[in-house]
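K.L.:
Build me a model:
(chains A and B)
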Amino acid sequence: MNNVISLVWLIPVLPLAGFLVCGLLRRHLSKSLTGVIGSGVILASFILSLLIFGQVRQEGFQAVVVRLFDFISVGKLSISFAFQVDPLSALFLLIITGVGFLIHVYSTAYMHEETAPDFARYFAYLNLFVFSMLLLVLGSNYVIMFIGWEGVGLCSYLLIGYWFKNIEYGAAARKAFIMNRIGDLGFLIAIFWMISQFGTTNFIEIFTKAAMPKAVSTGVLTGITLLLFVGATGKSAQIPLYTWLPDAMAGPTPVSALIHAATMVTAGIYMIARSNILYTLAPVTQTVVAVIGLATALLAATIALKQNDIKKVLAYSTVSQLGYMFLGLGVGAYTGAVFHVMTHAFFKALLFLGAGSVIHAMHHEQDIRKMGGLKKHLFWTHLTFLIACLAIAGIPPFAGFFSKDEILSAAYEKNPVYYAVGVFTALLTAFYMFRLYATTFLGKFRGTHEQAHHLHESPSAMVIPLVVLAVLSVVAGFVGIPAAIAPDAHWLGHFLAPVFEGSTRLHPAAEADKKLEWGLMGISVGVAALGMIYAWSRFSRKPDLEEAQGFGKVLADKWYVDELYDAIIVKPINALGRFFNSFVEKSVIDGIVNGVGRLVQYGGRQIRLLQSGLVGGYVLLMVIGILALFLVELFTKK
Amino acid sequence: MIPVLLIVIPLVSGLVGFLIRNEKTARSWSLFAAVVTLFVSLSGLILHKEDAFLSADVAWLPAMGSRFSVALDGMGQVLCLLTAISFPIIFIATWRTPYKNARNFYALMLLSQAGLMGVFLAMDALLFYFFWELALIPVYFLCSIWGGEKRIAASFKFFVYTFLGSIVMLVGILWLYSHTPDHSFSLKSFYALRDKVTGHDQLWLFWLFFIAFAIKMPIFPLHTWQPDAYEQSPTATTMVLSAVMVKMGLLGLLRWLAPVLPLGTWAWGDTVSMFCIIGMIYASLVAMQQDDLKRLVAYSSIAHMGLMCLAVFATTQLGMQGVMIQLFNHGINILGLWIVVELIERQFHTRKMSELGGLAQKAPVLAILLVVVALANVALPLTNAFIGEFLMFSGVYASAVTRYNVVFTVTAGISIILSAVYTLNMIQKVFFGNTNTLTEKAKDLYPNEKFVLIVIVVLIVLIGVYPKPVLDLTKETVDTLLTKMATATK
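P.N.:
Reported below is the predicted structural model:
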């Protein structure tokens, strides 16, 4: 039965092979061959993931750890290169390879203007990303997870700066890497702490030890989980480390879809869901996670209201949706958070790919104020984009409704204030998404004549992934039907139950009050519909073309957070560095040294009077003398 | 037998090198000698650790109680292998660099290799001191004769620092020697002193040794010779200095200080750790301000060495193993950086990042190889440096000899972020962006440069993915060392 599972190592190794082939042979491969190799390896991984998923689905499946080799082994600490196959990793495998494959196919058309070596470089990076992401979710201990964790950060850096001639893109890439590194430091320290606390980094051992009554103090668990969460705020773009994600939109649009929407940024959610038992045991951290998630969701949504770059709106909406997921994790709705990761992967990838299709048709125009009326020209793009907007707004029966609702009702149980803020954010979400939709697709075309002349639907390699994702955005919600609608119909909940077993045992889910559930659902749907209809009617008639004024300008300028960070962190650090470099290093330390040096020199000059001068000659003679002495002594006195 | 060969081959071939008339022959001769040394060093790895071929012990200066005693333990294997690999890489990488009086240049290089090997192999304090000087003097000449414009000032500063260090160390060695019951310089007799030398004496003796070692590594604030020496020396010499010679300080600390004066080491642990950490942050911040590639690499190296020293003082198995593997990794990675600097300087006659840019378009192979080396410099997982830094940091965190282990880990950890800042800035300024009039005519790598960089990149990835062989090699050294350090702290 475990035959397929023992082949799990092939799932990451195939993309790695794709990376090596595309990367090393980039000058010899034609574009079509690169496309076939790059996408083919991901397809193969996807098929393997499906087979493994089939195994994991079977009744009575137990988590399997596949050990490959000893990675680091020092004293009692033994870190293996090992993979863990269980429902959580199996689900993520499907999302990563499935969405990943679609985006690879889409890229073959989207990146077609690139030269063959650049095209191959792009696919090499993309394959390397999938490899790292798969390591991240497959690792059976925190170190392997961390390898994938930094690996995806690297690929994100390489792909944001893919057009490396552009200096601004390079700056965005560095910002992403460095902000991620700040988070990674938290993650690393958490790992060190776990090593000294538990003597291991293996998930299964740590979770077993932590769950034993009174084995570990709550303070320790709070510390570890908070540090892990610092890591998550970097990777998953939460307050205070979220500002890199909007800038990351400098990368090619399919990259934004795959890395900065569907997969990499959900790594933080995966990490916490994986460590759920630690979080459940540390209620303080849970509160922090919930509050930060909610605050990020709200903050990002307010900024999205006033953005005019199609990708920037989507970027802030990603940050906001990730905030929802953290809210879910913080209130203990682990299934809901993972559910939202899945549905979000579908509809957000769809939104970005749709945006890519629009940008493609508009010849690299990204400002929605210069679009409008695209509905007539881009049939499939428009249709699928609309579906995605409905899904993210939380309109039933589209996928986003189910997952968002699950998080919101769990939030209500924990604290009605969470729910209220969450619903208000949902209102904003519906509003800005339909502002985007209406400004782009409805009304009159506002571009140049030349653009109007060239407007066309994208090639089928781009349209087919859109359609597949649109179908998924419609149906994916049905894997998690809430108990209020149909009892015991939450397939995903059953599937993931073993992963969250420890947490549910500590905090059994309360019996759902059906009336309350229906009421909450009604409110959130009503609010979303309100935002949608208002935005639709307002912006389809009269799009918002002026520069923002007053408070709107504060939102359009992103609450000046970048400027704040620059003033309180970047500038002081640089000033300190300059002070060290130009003053301390040159005057203080060297001054002392040179003083000593002059003293020696002075002494040397006095002594030199006794001699003829050439110090170098004397030293050389001395060396030869010592050498001779040494050799003579060595070989004569046996 | 093998340790003797490791010293004698470079020594004799260096002396012979002075006599060679033809410059091309001198170059080939040195490469040949360095490759032979490499093979000897590799053959040492195959032998069982108890093998008689791994040590030699003959009377040298019997009247003084000093013996020519050399041996290859795990740490010695790692360091000798690093030395043996570095020299062929350096010779191949700088194959096209012309030198005046090339035969003298190459001969001095080989002499310093002999000295380095001796330092790593010596099991007798006087012999250790002798090789310590033998390794330094050729470097002094290399810098002052073949160096850049300000070579005299730089080599003078270098000389003052190391000379002072050596003198105090000699005093320390002689003091200990005079207290050995059998009047011997052997390492064993020195180790036996641990119970004889009082804690009070250890307190001041510690500094006699540590200053010499701290200068070599270097540890803040004794580091200012280094950027100048690196900047002014010919790149081949800078490579020796930074890849191999800085390890003399660590070896001294690990073999001749920590186990000999464990009480002193333990008592000053927090003080030294603090200087290490200040140095890490300070050097990283200064590195961010550099425009000259050589100075950037120099400060980056100061930060990395600070971490290694910090991990030694943490006195944990994890940290020590990290140090052992990093001894090798740091050398390999910095060689990679220097090779890139060297060929940039030769092509464009500048090392200023602000004058470069867009090289990735003109020299894609170079760009890719450099990015891998740079990633190792920021210790990205699956590169060799990650293994070392991960172990060192976990060692510092787990340290039981200090109360400030958490503070140390967190503050030192900031350098992980800063290293990403200056390394990525460097990549950006040199390789990305658009070409300018200077870099327009850039050429990609020559085969010799490509070869050595590929060797380095392969080593980086190989050790990064499968570090077990290196960890196993040094396991025993670490265990012995920790026992020696622990027994006295009780």
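
K.L.:
Next, the contact list for B:G65, please.
P.N.:
Listed by Cβ atoms under 8 Å, 6 or more residues apart in numbering or on different chains, the contact set of B:G65 reads B:Y177, B:T180, B:D182, B:H183, B:S184, B:F185, B:S186. Just so you know, the C-beta spots here come from the backbone N, C-alpha and C atoms, and that holds for glycine as well.

K.L.:
excluding its backbone neighbours, what's nearest the fifth one?
P.N.:
Yep, that's B:S184 we're talking about. Spatial nearest neighbour of B:S184, excluding adjacent residues (Cβ to Cβ, 6 or more residues apart in numbering or on different chains): B:G65 at 4.3 Å.

K.L.:
Torsion angles phi and psi at the residue nearest to A:V319 when sequence neighbours are not counted?
P.N.:
Once flanking residues are discounted, A:V319 sits nearest to A:A300: 3.8 Å by Cβ to Cβ, 6+ apart. Backbone torsions for A:A300, taken as degrees, to the nearest 10, come to phi -70, psi -40.

K.L.:
What about A:A300, how many residues nearby?
P.N.:
A:A300 has 28 neighbours, counted by other Cβ atoms under 10 Å in any protein chain shown.

K.L.:
State the pLDDT value of it.
P.N.:
Each residue has a pLDDT score; the one for A:A300 is 95.

K.L.:
if I look at it, how far off is chain B?
P.N.:
Distance of A:A300 to chain B, computed by Cβ to the nearest Cβ, to the nearest Å: 24 Å.

K.L.:
swap in A:T504?
P.N.:
Taking Cβ to the nearest Cβ, one finds A:T504 at 33 Å from chain B.

K.L.:
By neighbour count, sort out the buried ones in the contacts of B:G65.
P.N.:
B:Y177, B:T180, B:S184, B:F185, B:S186 (16 or more other Cβ atoms under 10 Å in any protein chain shown).

K.L.:
In stretch B:431-448, which residues are buried?
P.N.:
Under the neighbour-count criterion of 16+ other Cβ under 10 Å, stretch B:431-448 has B:F431, B:F432, B:G433, B:T435, B:T439, B:A442, B:L445 buried.

K.L.:
What's the end-to-end length of stretch A:486-494?
P.N.:
Length of stretch A:486-494, first residue to last, Cα to Cα, to the nearest Å: 14 Å.

K.L.:
Same check on stretch B:359-370?
P.N.:
End to end - Cα to Cα - stretch B:359-370 spans 11 Å.

K.L.:
ok, the contacts of B:G65 vs A:G23, which is closest?
P.N.:
B:S186 (53.6 Å; Cβ to Cβ).

K.L.:
mind listing what the nearest residue to that closest one once chain neighbours are set aside touches?
P.N.:
Using Cβ to Cβ, 6+ apart and skipping residues adjacent in sequence, the residue nearest B:S186 is B:D124, 5.4 Å away. Residues counted as contacts of B:D124 (Cβ under 8 Å, 6+ apart) are B:W60, B:S66, B:R67, B:F68, B:S69, B:F185, B:S186, B:L187.

K.L.:
Show me just the buried residues among those.
P.N.:
Buried among the contacts of B:D124 (16+ other Cβ under 10 Å): B:W60, B:S66, B:R67, B:F68, B:S69, B:F185, B:S186, B:L187.

K.L.:
Could you dump the residues you listed into TSV and include secondary structure and distance to A:V130?
P.N.:
Formatted as TSV, those follow (DSSP: H, G, I helix; E, B strand; the rest coil; distance: Cβ to Cβ, whole Å):
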residue	secondary structure	distance to A:V130
B:W60	strand	61
B:S66	strand	62
B:R67	strand	60
B:F68	strand	58
B:S69	strand	56
B:F185	coil	60
B:S186	strand	58
B:L187	helix	53
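
K.L.:
Which two of these have the greatest separation?
P.N.:
Farthest pair in the buried ones among the contacts of B:D124, by Cβ to Cβ: B:W60 and B:L187, 14.1 Å.

K.L.:
if I look at the closest residue to A:F441 other than its chain neighbours, how far off is A:A349?
P.N.:
Distances taken as Cβ to Cβ, 6+ apart place A:K375 nearest to A:F441, at 4.4 Å, with adjacent residues excluded. With the distance defined as Cβ to Cβ, to the nearest Å, A:K375 ends up 21 Å from A:A349.

K.L.:
now do B:A153
P.N.:
Separation of B:A153 from A:A349 (Cβ to Cβ): 60 Å.

K.L.:
re the thing from before, counting neighbours, go ahead and name the busier of A:K375 and A:A349.
P.N.:
Under the criterion of other Cβ under 10 Å, the comparison of A:K375 against A:A349 puts A:A349 first, with 30 against 20.

K.L.:
For the more buried one, which residues are in contact?
P.N.:
Residues near A:A349 by Cβ under 8 Å, 6+ apart: A:V99, A:L102, A:I103, A:A257, A:L258, A:A261, A:A262, A:L469.

K.L.:
give me the element it is part of.
P.N.:
According to DSSP states H and E, A:A349 maps onto helix A:334-361.

K.L.:
After that helix, which helix or strand is next?
P.N.:
For helix A:334-361, the following helix or strand on the C-terminal side (DSSP H and E) is helix A:379-393.

K.L.:
starting at the chain centroid, how far to that following helix?
P.N.:
Its chain's average C-alpha position is 23 Å from that of helix A:379-393, according to Cα atoms, centre = their mean, to the nearest Å.

K.L.:
tell me what that helix is packed against?
P.N.:
Under the contact criterion of 3 or more Cβ pairs under 8 Å, 6 or more residues apart in numbering or on different chains; DSSP states H and E, helix A:379-393 touches helix A:334-361, helix A:399-414, helix A:416-441, helix A:460-475, helix A:514-541.

K.L.:
which of these sits most buried?
P.N.:
helix A:334-361 (a mean of 28; mean count of other Cβ atoms under 10 Å in any protein chain shown).

K.L.:
what mean pLDDT does that one have?
P.N.:
pLDDT averaged over helix A:334-361 gives 94.

K.L.:
Just want the angle from that helix to helix A:416-441.
P.N.:
20 degrees (axes from the mean of the first three to the mean of the last three Cα atoms, to 10 degrees).

K.L.:
Just the strands from chain B, written as ranges.
P.N.:
For chain B, the strands defined by DSSP state E cover B:55-61, B:66-71.

K.L.:
How about the shortest one and chain A, touching?
P.N.:
The reference is to strand B:66-71. Yes - Strand B:66-71 lies within reach of chain A by Cβ under 8 Å from any Cβ of the partner chain, at B:F68.

K.L.:
Low-confidence stretches in the stretch 401-550 of chain A?
P.N.:
For the stretch 401-550 of chain A, applying pLDDT under 70 flags the ranges A:512.

K.L.:
In it, which residue sits closest to chain B?
P.N.:
Per Cβ to the nearest Cβ, A:V499 is where the stretch 401-550 of chain A lies closest to chain B, at 24.9 Å.

K.L.:
How about the secondary structure of that residue?
P.N.:
coil (DSSP: H, G, I helix; E, B strand; the rest coil).

K.L.:
To what extent is it buried, counted in neighbours?
P.N.:
Around A:V499 there are 22 residues (other Cβ under 10 Å).
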